[in-house]
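**Q** Provided below for reference: sequence and predicted model.
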Amino acid sequence: ILGIVLSTRDGVVASPSLMDLGSGDGRIVLAAARRGVRAVGVELDSGLVAAARAAAAAEGLDCCSFEETTVLEVAPASDTRLVAYLLPAGLSKVAARLKAAGFCGLFFTIRWPVPGEALSPRRSHPLPNGWALHEYACGEGGGEGGEEATEESGMVTGVAGETAAAVAMATAAETATATATEAREGAASAASAAAAASAATVTTMATTTMRARGRRTRGGGGPMRRERRAATRAA
């Protein structure tokens, strides 16, 4: 990933700074710092920030830092290469924020493309694990190098299709989860109703049995009582 992010269009390694939005445990930032690249990680989870800072200190990497804040509060310089591994909803918010802030640079997203048209797609780089690194130009002129977003229409169409597919996948996943939840709730309700019906049946059968026994007892004791009455009168 870093080889792509830190290279120019012709493959020459550039020396910009890097900012990882949602840096997690800091692995991308740390890898960039090992190459001597100035790198900043932005992460809201304080535990992950502390772990990343500790890892940087243990390796003596003084050209990287980690900020404990939301990805929507940063203001990167235009020569900063941005990297993000976020879901489409988060990427959409980041893209809108970058556009509003007038950021003019390159933005790379891991796996998920950016929904909408806030940024200009340039190309998608395949990764060994089957994912892709999606490259976007922010602002007028497409950032460093000035490549036009329309230079490769096939690439733009491909990224747009991947965006739609990603959104559709996320929507399908949410729908499947909701359906599964409803099915589980329905099964639980049916099981509860069946248990209640079974309990009611058992109660009814027990009541019927007790009544039948009572009738048999009363029926069998009637003649004996009459004989005792007759014997008493005869005496």
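**A** Perfect, thanks for sending it. Numbering: from 1, shown residues only.

**Q** Residue 96 touches residue 118, doesn't it?
**A** Yes: the criterion here is Cβ atoms under 8 Å, and residue 96 meets it with residue 118 at 5.4 Å. Every residue, glycine included, has its C-beta placed from N, CA and C.

**Q** Looking at the two, which has the bigger crowd around it?
**A** Set residue 96 next to residue 118 and count neighbours by other Cβ atoms under 10 Å: residue 118 wins out with 18 against 15.

**Q** Can you tell me, leaving aside adjacent residues, what's nearest to the more buried one?
**A** For residue 118, ignoring the flanking residues on the chain, the nearest one in space by Cβ to Cβ, 6 or more residues apart in numbering is residue 95 at 4.0 Å.

**Q** Low-confidence regions, this structure specifically.
**A** By pLDDT under 70, the weakly predicted segments of the chain are 8-15, 140-235.

**Q** need the helices for it, in chain order.
**A** Applying DSSP state H to the chain gives helices spanning 2-5, 27-34, 46-59, 88-101, 153-234.

**Q** partner residues bridging residue 121?
**A** residue 136 (DSSP bridges).

**Q** Just confirm it contacts residue 108, I think it does.
**A** No: in this structure residue 121 lies outside contact range of residue 108 using Cβ under 8 Å: 11.3 Å.

**Q** Mutual contacts of those two, please.
**A** Common contacts of residue 121 and residue 108, defined by Cβ atoms under 8 Å, 6 or more residues apart in numbering, comprise 134-136.

**Q** Can you add distance to residue 61 and give those back as TSV?
**A** Formatted as TSV, those follow (distance: Cβ to Cβ, whole Å):
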residue	distance to residue 61
134	27
135	26
136	28
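
**Q** Comparing residue 121 and residue 108, which residue is more hemmed in?
**A** residue 121 (23 against 20).

**Q** For residue 134, see how far away that one is.
**A** 7 Å (Cβ to Cβ, to the nearest Å).

**Q** what do you get for residue 105?
**A** 15 Å.

**Q** More neighbours: which of the two?
**A** residue 134 (26 against 21).

**Q** what's the spacing between that one and residue 126?
**A** Using Cβ to Cβ, residue 134 is found at 11 Å from residue 126.

**Q** one step back: let me know whether the residue nearest to residue 118 touches residue 117 as I believe.
**A** No: when contacts are counted by Cβ under 8 Å, residue 95 is not listed as touching residue 117 (9.2 Å).

**Q** So between the two, which is more surrounded?
**A** Ranked by neighbour count (other Cβ under 10 Å), residue 95 and residue 117 place residue 95 first, with 22 against 11.

**Q** tell me the contacts of that one?
**A** With Cβ under 8 Å, 6+ apart, residue 95 has these contacts: 107, 114, 116, 118-119, 136.

**Q** try residue 114
**A** Residues in contact with residue 114 (Cβ under 8 Å, 6+ apart) are 88, 91-92, 94-95, 107, 121, 134, 136, 163.

**Q** one more time with 10 Å, if that's ok
**A** When contacts are counted by Cβ atoms under 10 Å, 6 or more residues apart in numbering, residue 114 touches 84, 86, 88, 90-92, 94-96, 98, 107, 120-121, 134, 136, 159, 163, 166.

**Q** ok, of those residues, which come out buried?
**A** 84, 86, 88, 90-92, 94-95, 98, 107, 120-121, 134, 136, 159, 163, 166 (16 or more other Cβ atoms under 10 Å).
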